[in-house]
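Colleague: Predicted model and sequence follow; I will ask about them next.
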Amino acid sequence: MSPPVVTLTIAGSDCCAGAGIQADLKTFSLLGLHGLTAISSIVVQTPFKVHSSQEISPEILTAQIQVLLETYRIAAIKTGLLGSPSHISAVANALTGTDIPLVVDPVLSASSGTEFASPEAVDAYMTELLPLALVTTPNLPEALRLLRQNHHLNSEGPCPTEITKELSNALGISVLLTGGHSVTGGLLTDTLYSRGATHEFTHPWIDLPSSHGTGCTHSAAIAGLLGLGFELEQAISMAQALMIHVLKTSYRWPLKEGPQEIYALNQLPPKPANFFEGTELE
């Protein structure tokens, strides 16, 4: 039996397993990949609230990454929660000089609203880690924070195309601006600016009130598909199809404290090749 493709996630651990390392590993598993982990922090949370968190030391974070790079043939890497400038610097230093495709999901806050990144962390992202990435996947608030509000506004608010282009030009990498904060007519559009061209990926808005970890899952899917050898635009399109499926087939259970429900991610159909409309995942 041939060994599977190996992917690495560098992120925080979510005790309720909807986001972070746990969501990334679930996504890698759906794609038939072997997932490795370098844990940056332990987060005590539910989909409703972040209760507390504890950072792993930068030295231990670096050691995790280095031993994995030395031991495995890693096909793709993604980063998630890196809560401090020292974490961001540690990851950037560990990955400098590698040619492994890197997807950076700049987790600056939780879905429940808790802020993770200080202004110094935002600066470290911009100057140290993001320039190493193949692509970054911010949502609109994250993109605006990364640009430090150095953006052009029109009468209707920030223009996603202009924001994406400006951030891409500032970093010299591809930027995928996810569209969850700008839903129109039941549709949302993810905007990619890459190699001087804009690409739009439009799909239905699926309203799941207590879901969290969608950004983690999306970026992990892109990283996994890059690791499988797909080009960036194709990986994004396929990751979008995966997201639609897992959100539509999510499960729920009621909680005593209120009517909201937790939605978790489910499995792909038995034949992923059929799901991806004829694309062979080998």
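Modeller: Alright, I've got the coordinates.
Colleague: any idea whether the most centrally placed residue in the chain is helix, strand or coil?
Modeller: Central residue of the chain (CA atoms, centre = their mean): Ser219, 3.1 Å from the mean position. Reduced to three states with DSSP: H, G, I helix; E, B strand; the rest coil, the structure at Ser219 is helix.
Colleague: what's the closest non-adjacent residue to it?
Modeller: Asp105 (3.8 Å; CB to CB, 6 or more residues apart in numbering). (Each C-beta comes from the backbone N, C-alpha and C, glycine too.)
Colleague: May I have the helix ranked longest in the chain exported as PDB, CA atoms only?
Modeller: Assignment by DSSP state H gives helix 232-248 as the longest helix of the chain. Output of helix 232-248 as PDB, limited to C-alpha atoms (Å, rounded to 0.1, in the frame of the first residue of the first chain):
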ATOM      1  CA  LEU A 232      -4.500  27.000  -7.000                       C
ATOM      2  CA  GLU A 233      -7.700  28.000  -8.900                       C
ATOM      3  CA  GLN A 234      -8.800  24.400  -9.200                       C
ATOM      4  CA  ALA A 235      -8.000  23.700  -5.500                       C
ATOM      5  CA  ILE A 236     -10.100  26.700  -4.500                       C
ATOM      6  CA  SER A 237     -13.100  25.600  -6.600                       C
ATOM      7  CA  MET A 238     -12.900  22.100  -5.300                       C
ATOM      8  CA  ALA A 239     -12.600  23.400  -1.700                       C
ATOM      9  CA  GLN A 240     -15.700  25.400  -2.200                       C
ATOM     10  CA  ALA A 241     -17.600  22.300  -3.300                       C
ATOM     11  CA  LEU A 242     -16.400  20.500  -0.200                       C
ATOM     12  CA  MET A 243     -17.600  23.400   2.000                       C
ATOM     13  CA  ILE A 244     -21.000  23.400   0.400                       C
ATOM     14  CA  HIS A 245     -21.300  19.600   1.000                       C
ATOM     15  CA  VAL A 246     -20.100  19.600   4.700                       C
ATOM     16  CA  LEU A 247     -22.300  22.500   5.600                       C
ATOM     17  CA  LYS A 248     -25.400  21.100   4.000                       C
END
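Colleague: chain center to it: distance?
Modeller: Here helix 232-248 shows a centroid-to-chain-centroid distance of 12 Å under the convention CA atoms, centre = their mean, to the nearest Å.
Colleague: rewinding a little: what residues does the residue nearest to the centre of the chain make contact with?
Modeller: 78, 80, 103-105, 137 (CB atoms under 8 Å, 6 or more residues apart in numbering).
Colleague: For the helix or strand hosting Lys26, give the mean pLDDT please.
Modeller: Assigning secondary structure by DSSP states H and E places Lys26 in helix 20-30. Taken as a whole, helix 20-30 carries a mean pLDDT of 94.
Colleague: Show me what the longest helix of the chain is packed up against.
Modeller: Judged by 3 or more CB pairs under 8 Å, 6 or more residues apart in numbering; DSSP states H and E, the packing partners of helix 232-248 are helix 20-30, strand 187-194, strand 197-204, helix 214-227.
Colleague: between those, which gets nearest to Val122?
Modeller: Shortest distance between Val122 and the helices and strands packed on helix 232-248, using CB to CB, is found for helix 214-227: 16.7 Å.
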